[in-house]
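**Student:** Predicted model and sequence follow; I will ask about them next.
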Amino acid sequence: MTIPKALQMSLGLRMTTVGFIVCWCLIAAFPIFWIAVMSFKEPLDSFASNPLSVIFGPSTRASGKGLSIFDIIIGLGVIYLIYRFSINLLPKWIKQLIPANLSVFGWLIGSLAIALGVVIVFGVLVPPVLSFVNGFTGFLGTPLIGFTTEHYQAVWVDNEFYRNFINSLIVTTGVVTISLTVGALAGYGLARSGSNMAFWILIAALIFRALPHSVLVSGYLPVFVNSAEYLRPILGEHAPTFYGQPLAVIMVLVAINQPFTIWMLRSFFQNIPTELDESARVDGCTHFQAFRWVIMPIMWPGVITTGLFSFLLAYNDFLVTSLLLDAQNQTMVPAIAGYFNRETTTTDQVEAVAAAVSITAPLFLLVMVFQRQIVSGLTAGAVKG
Amino acid sequence: MKFRVFAAFAGPSLLLMLCFIAIPLVNVFIQSFYNTQTIFETIEIESCTPGFGTSTCVTETATRPVLGEDGKALERTLFVGWESYTNILKPSQAWNAVKQFSWSGLMAIDFWKALRFTLTFTLISLPLVIGLGLVIALSVNSLAKSIKGQIIFVSLLPFIITPVIGALSIRWLFIGDGILTAMLEWWLQIDIAMFAQAWTIEMMMLFYRVWHVAPFAFVVFYAGLQTVNNDTLESAIIDGASRFERLRYVVIPHLMPLIVFVSLIHLMDSYRVFEEIVGFSSQAHVISLQWLTYDFLVPDESGNRAISRASASSMLTMVGIVILLIPLLRKTWNDHKSRVL
Amino acid sequence: MKKFCAAIITALMLPGSLWAACAHDNQIEIKSLSAGFEAWKAVTDAMAECGNFQAELDQEFRDKQVEAFAADPSLYHIGGVSNSTLVPLVNNNLVRPLDDLVAKHGSHLSENQLIRQNGQVVAIAMMVNAQHLMYRQDILDDLGIAEPTTYDEVLAAAAQIADAGVVDYPLGATWKTGFNIALDFVNLFLGEGEALIGADLMPTINNETGMQVLATMGRLKEFMDPEILVSDSTYVQQQFQQGKIAMANLWASRAAAMDDEAESQVVGKVTMASAPMGSVRPASTLWWDGTVIAANITDEEAEAAFQLIMEGMDSEMVQANNDAAIWIIDGFVPGKSAAGAFATAANGAAPYPASTEFGIIFNALGNGLAAYVTGEKDAATTLADIENEYLVGAREAGLIQ
């Protein structure tokens, strides 16, 4: 579709727009870019007040950890190859191997594979080759920019951060699945019921969403801790203690997230014409059958967008997880707060920064994969007020 | 849809909300009128403290809870009516300040101080978020298709990043001689301490919140722009409408439901502002309502919690948010009625 | 990666050696909940060598410690406490008297380590801590200033350093709103030999001494970073390391960081001295950290837990982590970094007066003092408001009528 001439912008306006977008992108990305830079330096450089010493890392370089021009060229080359691969080959493979309606999951798996590949290539394959080559290349081989991955090693290997990663994975998967299942049913019910009760439920849900979480959360603690005692008369000796159980935290997060989920999905279902499921009902389907066979196949865009919001809530949650999970089941965000709260040395802080960057990386990947779905899901009417 | 079918569909969701939100809420409501106290007695006690090499033992009078037969501390629960609320609102002190037109007198009371900040924070950030989100959406929409994807990706970053980490990353840029403070100092040639006074901290908190939420507004509005009716736009052009008039009379009305939606979400989220207070450690200068509740709830060094005041403070917070939401709720009610009719 | 590989290699080469550091093989599942600083890490790592042990290190542990210990059975067997966090556990009768276990397994413990209340051992202490003066020896020598021993001398030295302009700010302080600033006020107040709470549990801060302490804080503020109300121990430590301040009252456990070559630019230049004297004793408080065993567990579990504690607090652990804390366990060799704390104790610093009512006034101080430092309220209003806040809290807790 070509843009009608009258809709085209004047040169001045276009320059302003482009200038504005450039500024915005800088502001949006800079803080994140900056903590990423900090995480690769020795403590003295990371918290230096001169931005140049944070970028070039003189003391990191002085301790012999740095990237030479040669390293940078090779690194950029490898990154370019990976980029080409994911732009050109990956889509083809996904198209061939995976049915179209599940392509999103194909992308998810594909990008996970690429992420794993990047870690292996840069963490295991490239360093020995480079250190071997750098010995011969003279000036090109001397370090130019201070660079060290020791903090990441400290976080992931020495401090066993992967355990927190797995716990986060469990909690988020649980929250997204349960939240969407329960929420889609409720959203459909609310969208198709015109009764006043449905309205008041929605209003109550809205007020529930506005509640400060700290009020609710501290109310759970005594109940969760003593649940075994409370439940023993009913369940006998095997009564569970909810405190520290990922499943209990999943339920809390699902409940906290329900108001938003049912509002989103309700407005999404409202945009699906009633005629569709009504005609199915005329053909003799029950409500559940109509939902299963008529609505479910076309509800994916809205569900994916809503699911993404659930994911963010579960993944980023701090209050609930830090109070109700014990160390063995701790997720990543409270684990990071632990780094900052303990009597920290500057090294601890840089490790915390490295952990913070590690947390952000999966989010990056996720938005990269789902970005188109978010927009199309919202466009399809998941939000119509 | 019959009631039973409706109940079957909505049941699980309602049950979850009932268990984990409604029941705790009712509990908080009841607790705000009661006060559970431990019963204390004063006794002579000998206690020893380790020192360097030797320990020192002293006998002193100490307050200890009276233990019951089951070995647990005895407690009594008293109905205290509105006492917890008065302890927070301090109505007489506040009224005196109002009578003397003493703003600082009113701000000396924690609750009013927190309310002042929470309200200004909410009401100032709202137009900023909506405005910035709209401008980004319009700008991105006018870009060439080939780079749209990348720009949307970058724009979404501040929204997806974990709030605690986002706040910290901004804090590091400014605290002490953080690089942005150093840059400002170099540019303006004056000594700047961003964390030394209330207004700079409030600016940073606002900046963080707008940075964090504007992308959400952007992506919602951008999705809305994809469904603007081109025929309407073209007929507006034929009528000779300028770019601004088209925006004002076609695009904005089309986006109106979305603007209401984003406002609703933003009002609720920023009214319970909390991460910023902790992330920027601003307690010395500004506090928010949720922080006040949190502070009552967290046990102090000796394990005391002010549960009654915490409950009262959270009920007051709730009343506030309901008042803020009334205009939007009325609109939803009207929509609902028109849909039913 | 190297450490990881080394660990695997050692494990493969010497089968069975992994547990070798532990004298016995622990058979019962034991869990602990404690704060997360370096010393706890050292102790819990040593306990873990015996197997079947899980440690939860959480700096916000007090949010859940009482609830978790009150459950039946208790969710944790071992608890890490300090003199202040022991109070709610003892009050609710949640710790087990340890006399029998000490007699059976702990005969080597020194009397200094046994925390007794009414004759019963309730906790085993492992380390002490105190805030004391640290100063830049090189700067004070250059300017010909002698070691300051009172706050007047500190202020005089600060004025001289400010005139010389050798550092950004002459003084640093842990004045972050909340715990930090409250403790500094308490330190100064106790230094005058007065108590903050009277015999009838009424506050005694709104008086001459209180005004005097606030006046001192006001004068100190003039020589400090304007961002002093967000500066906690880590921040002050960093300011020292980066050469931005010349003097500060800081925790003994932070002293070793000044000489850490990886982080510090002032290695060997910082001297540890006693906390400045008030008119009666040093303006500092003595703290201890140690372990308790939960009351709501079986005798077998308690015995296993106690044996683990003995293993975690042995001389071997101390020798491996000598500088992580000021241990009061056999085998500790006091180094340069312990000098300040010893001097402070020798000058007669008081122990931190932990109690239920003190927690309330401490909280009120933490929230209320900032208004004075920012200049929002004058000294008299600040003290009156804090006093008021304490009365409301104490009445709600049922301490006073």
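**Tutor:** Okay, I see it.

**Student:** Chain B contacts on the stretch 301-401 of chain C?
**Tutor:** Neighbours of chain B within the stretch 301-401 of chain C, by C-beta under 8 Å from any C-beta of the partner chain: C:326, C:328, C:341-342, C:345-346, C:351, C:354-360, C:362-363, C:367, C:370-371, C:373-374, C:376-377, C:381, C:385, C:392-393, C:396-399. For glycine as for every other residue, the C-beta is placed from the backbone atoms N, C-alpha and C.

**Student:** Where does the residue of the stretch 51-200 of chain B found nearest chain A sit: helix, strand or coil?
**Tutor:** Here the stretch 51-200 of chain B gets closest to chain A at one residue, B:Asp177, 3.7 Å apart by C-beta to the nearest C-beta. Classification of B:Asp177 using DSSP: H, G, I helix; E, B strand; the rest coil returns coil.

**Student:** how far away is it from B:Leu184?
**Tutor:** From B:Asp177 across to B:Leu184, the span is 11 Å (C-beta to C-beta, to the nearest Å).

**Student:** Neighbour count for these two, which is higher?
**Tutor:** More neighbours surround B:Asp177 than the other of B:Asp177 and B:Leu184, with 18 against 15 (other C-beta atoms under 10 Å in any protein chain shown).

**Student:** Stretch A:272-292: how far from the chain's middle?
**Tutor:** Here stretch A:272-292 shows a centroid-to-chain-centroid distance of 35 Å under the convention C-alpha atoms, centre = their mean, to the nearest Å.

**Student:** Which phi and psi values does the residue of the stretch 51-200 of chain B closest to chain A adopt?
**Tutor:** Taking degrees, to the nearest 10, you get phi -100, psi 40 for the backbone angles of B:Asp177.

**Student:** From the residues of the stretch 301-401 of chain C next to chain B, list the buried ones, please.
**Tutor:** C:326, C:328, C:341-342, C:345, C:351, C:354-360, C:362-363, C:367, C:370-371, C:373-374, C:376-377, C:381, C:385, C:392-393, C:396-399 (16 or more other C-beta atoms under 10 Å in any protein chain shown).

**Student:** what residues go with each domain of the chain?
**Tutor:** No chain was given, so I picked chain A. Domain assignment for chain A, taken from automatic domain parsing, gives A:37-148, A:160-382.

**Student:** Wait, chain C was what I had in mind.
**Tutor:** Using automatic domain parsing, chain C is parsed into the domains C:24-127+C:286-333, C:130-285+C:341-397.

**Student:** Could you dump these into a markdown table with distance to B:Glu46 and mean pLDDT added?
**Tutor:** A markdown table is the format used below for the domains of chain C (distance: least, C-beta to C-beta, whole Å; pLDDT from 0 to 100):
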| stretch | distance to B:Glu46 | mean pLDDT |
| --- | --- | --- |
| domain C:24-127+C:286-333 | 6 | 87 |
| domain C:130-285+C:341-397 | 14 | 89 |
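
**Student:** from the domains of chain A, which stretch is densest packed?
**Tutor:** domain A:160-382 (a mean of 20; mean count of other C-beta atoms under 10 Å in any protein chain shown).

**Student:** Listing request: residues of the stretch 251-385 of chain A with sub-threshold pLDDT.
**Tutor:** Low-confidence segments of the stretch 251-385 of chain A, defined by pLDDT under 70: A:340-344, A:381-385.

**Student:** In terms of helices and strands, where is the closest residue to chain B within the stretch 151-300 of chain A?
**Tutor:** Proximity of the stretch 151-300 of chain A to chain B (C-beta to the nearest C-beta) peaks at A:Gly189, 2.9 Å away. Per DSSP states H and E, A:Gly189 falls inside helix A:161-192.

**Student:** helices or strands next to that helix in the packing?
**Tutor:** When contacts are defined as 3 or more C-beta pairs under 8 Å, 6 or more residues apart in numbering or on different chains; DSSP states H and E, helix A:161-192 sits against helix A:196-210, helix A:246-270, helix A:300-316, helix A:332-341, helix A:346-377, helix B:3-17.

**Student:** Chain C: which of the ones you listed is closest?
**Tutor:** Closest among the helices and strands packed on helix A:161-192, using C-beta to the nearest C-beta: helix A:332-341, at 3.6 Å.

**Student:** how about stretch C:41-61 against chain A, any contact?
**Tutor:** Yes - judged by C-beta under 8 Å from any C-beta, stretch C:41-61 comes into contact with chain A at C:54-60.

**Student:** Take those and write them to TSV, including secondary structure and neighbour count.
**Tutor:** Converted to TSV, these look like this (DSSP: H, G, I helix; E, B strand; the rest coil; neighbours: other C-beta atoms under 10 Å in any protein chain shown):
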residue	secondary structure	neighbour count
C:Gln54	strand	17
C:Ala55	strand	24
C:Glu56	strand	22
C:Leu57	strand	18
C:Asp58	coil	26
C:Gln59	coil	19
C:Glu60	coil	16
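
**Student:** Chain B: which of the residues you listed is nearest?
**Tutor:** Among the residues of stretch C:41-61 next to chain A, C:Glu60 lies closest to chain B (C-beta to the nearest C-beta), at 8.5 Å.

**Student:** Neighbours of the closest residue to A:Ile27 other than its chain neighbours, how many?
**Tutor:** Setting aside the residues directly before and after it, A:Ile27 is nearest to B:Trp211 in space (C-beta to C-beta, 6 or more residues apart in numbering or on different chains), at 6.8 Å. Burial measure for B:Trp211: 22 neighbouring residues, criterion other C-beta under 10 Å.

**Student:** The one 5 residues further on now?
**Tutor:** Other residues within reach of B:Phe216 by the criterion other C-beta under 10 Å amount to 20.

**Student:** what's the answer for C:Ala379, then?
**Tutor:** Around C:Ala379 there are 17 residues (other C-beta under 10 Å).

**Student:** cool, and B:Gly240?
**Tutor:** 8.

**Student:** Shouldn't it be within a strand?
**Tutor:** No - under three-state DSSP, B:Gly240 falls outside any strand and is assigned coil.

**Student:** mind listing what the closest residue to A:Pro43 other than its chain neighbours touches?
**Tutor:** In space, and not counting its chain neighbours, A:Pro43 is closest to A:Thr346: 4.0 Å by C-beta to C-beta, 6+ apart. Residues near A:Thr346 by C-beta atoms under 8 Å, 6 or more residues apart in numbering or on different chains: A:43-44, A:46-47, C:238, C:241, C:263.

**Student:** so who does the closest residue to C:Asp259 other than its chain neighbours touch?
**Tutor:** Using C-beta to C-beta, 6+ apart and skipping the chain neighbours, the partner closest in space to C:Asp259 is C:Val267 (5.2 Å). Residues in contact with C:Val267 (C-beta under 8 Å, 6+ apart) are C:258-261.

**Student:** can you check B:His212 too?
**Tutor:** B:158-159, B:161, B:163, B:166.

**Student:** Sheet partners, orientation included, of the one helix or strand C:Gly79 maps to?
**Tutor:** If you go by DSSP H and E, C:Gly79 is part of strand C:78-82. In the sheet, strand C:78-82 lines up against strand C:30-34 (parallel), strand C:285-293 (antiparallel) (DSSP bridges).

**Student:** can you put those in JSON lines and add distance to C:Ala42 and mean neighbour count?
**Tutor:** Output for the strands paired with strand C:78-82, formatted as JSON lines (distance: least, C-beta to C-beta, whole Å; neighbours: other C-beta atoms under 10 Å in any protein chain shown):
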{"stretch": "strand C:30-34", "distance to C:Ala42": "12", "mean neighbour count": "26"}
{"stretch": "strand C:285-293", "distance to C:Ala42": "12", "mean neighbour count": "25"}
